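K.L.:
Dropping a prediction and its sequence here:
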Amino acid sequence: MTVRQPPPLVWAGAVAFLSLGLLALAVAGGWLGADVDRGANFCEAAAGTVRQPVNTLSNLGFVAVGLLVARQAGRPGGLGTGTLAQRPGLATAYACVVVLLGPASMAMHATETELGGHLDMASMYLIAAFAVAYAAMRRWERGPAFLAALYLAVLVVCELVALLGEVPWLGHAGNVAFGAGLASALWLESRVARGGRLVLDTRWAWAAAGSILVALAIWTTAKTGSALCFPTSLYQGHGVWHLLCALSAWCLFRLYVSERPVGEQARDLSEPAPARRPG
């Protein structure tokens, strides 16, 4: 008897519900520790139980994108004809990782605690590690076990780099690990595209990279003390960073579903695959 697996949207929705619920309890109960002004350099004035409301709520963009990925993954033909179509569990995993970026980053901005800051950085490593491991798996034609092992290895490397502490301009060494991870993933994706076995719509790779670069430019102009820092305004450059990073995560998914074997005719992957006639 075959056991039917829940749709991707159920998994991602459960992750969103549980993680956001736990975060709400943690903020209300002070579970994450004392406010040590972690993230205070992101301009927004701290006030109330949720210390940085705009920077906190803007992280819902990740939750929305993760749920959108899961919805697309559950549609007929929604994963294209490449690797994700063959291994749909990886699309569900990606959706859940993107969802988790939201509450993990919220933990810092809502509480300004040390533990919240660690959760924020860890979420960045989760998405960078997935991007590297998934690209490497396809580049060297390996399986999910290879992806899982490399995923864990990249996470460990990111945590070790973060121990270096503060660095010029980017603030925390963990940001360097995050940026290096994404750059490595995009380079590997270019190797996949040029490998002669698979075709990718690399416009989505450029869109993902462009979103991150614009987000970084906005973030750096809106730090505490910068010209475009408005502590009590609804406009928060770091909040825009969150939304553009969420957009980048969506573009990365679209790159994945654009993949198809060489020789297969391109089609709109947002549409279901045409049904085959019997006989």
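P.N.:
Arrived safely, thanks for sending. Numbers count the residues shown, from 1 in each chain.

K.L.:
mean confidence for stretch 214-230?
P.N.:
When pLDDT is averaged over stretch 214-230, the result is 90.

K.L.:
how about that stretch as PDB, C-alpha atoms only?
P.N.:
Provided in PDB are the C-alpha atoms of stretch 214-230 (Å, rounded to 0.1, in the frame of the first residue of the first chain):
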ATOM      1  CA  VAL A 214      20.500  46.200  -4.900                       C
ATOM      2  CA  ALA A 215      19.400  45.100  -1.400                       C
ATOM      3  CA  LEU A 216      23.000  45.400  -0.200                       C
ATOM      4  CA  ALA A 217      23.300  48.900  -1.600                       C
ATOM      5  CA  ILE A 218      20.100  50.000   0.100                       C
ATOM      6  CA  TRP A 219      21.100  48.400   3.400                       C
ATOM      7  CA  THR A 220      24.500  50.100   3.500                       C
ATOM      8  CA  THR A 221      22.900  53.600   3.000                       C
ATOM      9  CA  ALA A 222      20.400  53.000   5.800                       C
ATOM     10  CA  LYS A 223      22.600  51.900   8.700                       C
ATOM     11  CA  THR A 224      22.500  53.900  12.000                       C
ATOM     12  CA  GLY A 225      24.100  57.200  11.400                       C
ATOM     13  CA  SER A 226      23.800  57.000   7.600                       C
ATOM     14  CA  ALA A 227      22.200  59.600   5.400                       C
ATOM     15  CA  LEU A 228      19.100  57.600   4.700                       C
ATOM     16  CA  CYS A 229      18.600  56.300   8.200                       C
ATOM     17  CA  PHE A 230      15.200  57.500   9.600                       C
END
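
K.L.:
what comes up buried for it?
P.N.:
Neighbour-count burial for stretch 214-230 flags A215, L216, I218, W219, A222, K223, C229 (criterion: 16 or more other CB atoms under 10 Å). C-beta coordinates here come from the backbone N, C-alpha and C atoms, glycine included.

K.L.:
Equivalent analysis for stretch 82-102, please.
P.N.:
Buried residues in stretch 82-102 (16+ other CB under 10 Å): 82-85, 87-88, 90-102.

K.L.:
where in this structure is pLDDT low?
P.N.:
Applying pLDDT under 70 to the chain flags residues 1-3, 169-171, 264-279.

K.L.:
where do the helices sit along it?
P.N.:
8-29, 53-57, 60-73, 83-86, 88-111, 114-139, 144-162, 173-193, 203-220, 237-257 (DSSP state H).

K.L.:
Pick the most deeply packed of those.
P.N.:
helix 88-111 (a mean of 25; mean count of other CB atoms under 10 Å).

K.L.:
For that one, C-alpha coordinates in PDB please.
P.N.:
Listed next in PDB are the C-alpha coordinates belonging to helix 88-111 (Å, rounded to 0.1, in the frame of the first residue of the first chain):
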ATOM      1  CA  PRO A  88      10.300  16.900  -5.600                       C
ATOM      2  CA  GLY A  89      11.200  16.500  -2.000                       C
ATOM      3  CA  LEU A  90      14.100  18.900  -2.500                       C
ATOM      4  CA  ALA A  91      11.600  21.600  -3.700                       C
ATOM      5  CA  THR A  92       9.700  21.100  -0.400                       C
ATOM      6  CA  ALA A  93      12.900  21.300   1.600                       C
ATOM      7  CA  TYR A  94      13.800  24.600  -0.200                       C
ATOM      8  CA  ALA A  95      10.300  26.000   0.500                       C
ATOM      9  CA  CYS A  96      10.700  25.200   4.200                       C
ATOM     10  CA  VAL A  97      14.200  26.700   4.400                       C
ATOM     11  CA  VAL A  98      12.900  30.000   2.800                       C
ATOM     12  CA  VAL A  99      10.000  30.100   5.300                       C
ATOM     13  CA  LEU A 100      12.400  29.700   8.200                       C
ATOM     14  CA  LEU A 101      14.400  32.700   7.100                       C
ATOM     15  CA  GLY A 102      11.500  34.900   8.200                       C
ATOM     16  CA  PRO A 103      11.000  33.900  11.900                       C
ATOM     17  CA  ALA A 104      14.800  33.400  12.400                       C
ATOM     18  CA  SER A 105      15.600  36.900  11.300                       C
ATOM     19  CA  MET A 106      12.500  38.200  13.200                       C
ATOM     20  CA  ALA A 107      14.100  36.800  16.400                       C
ATOM     21  CA  MET A 108      16.800  39.400  16.300                       C
ATOM     22  CA  HIS A 109      14.900  42.400  15.200                       C
ATOM     23  CA  ALA A 110      12.000  41.700  17.600                       C
ATOM     24  CA  THR A 111      14.200  41.200  20.700                       C
END
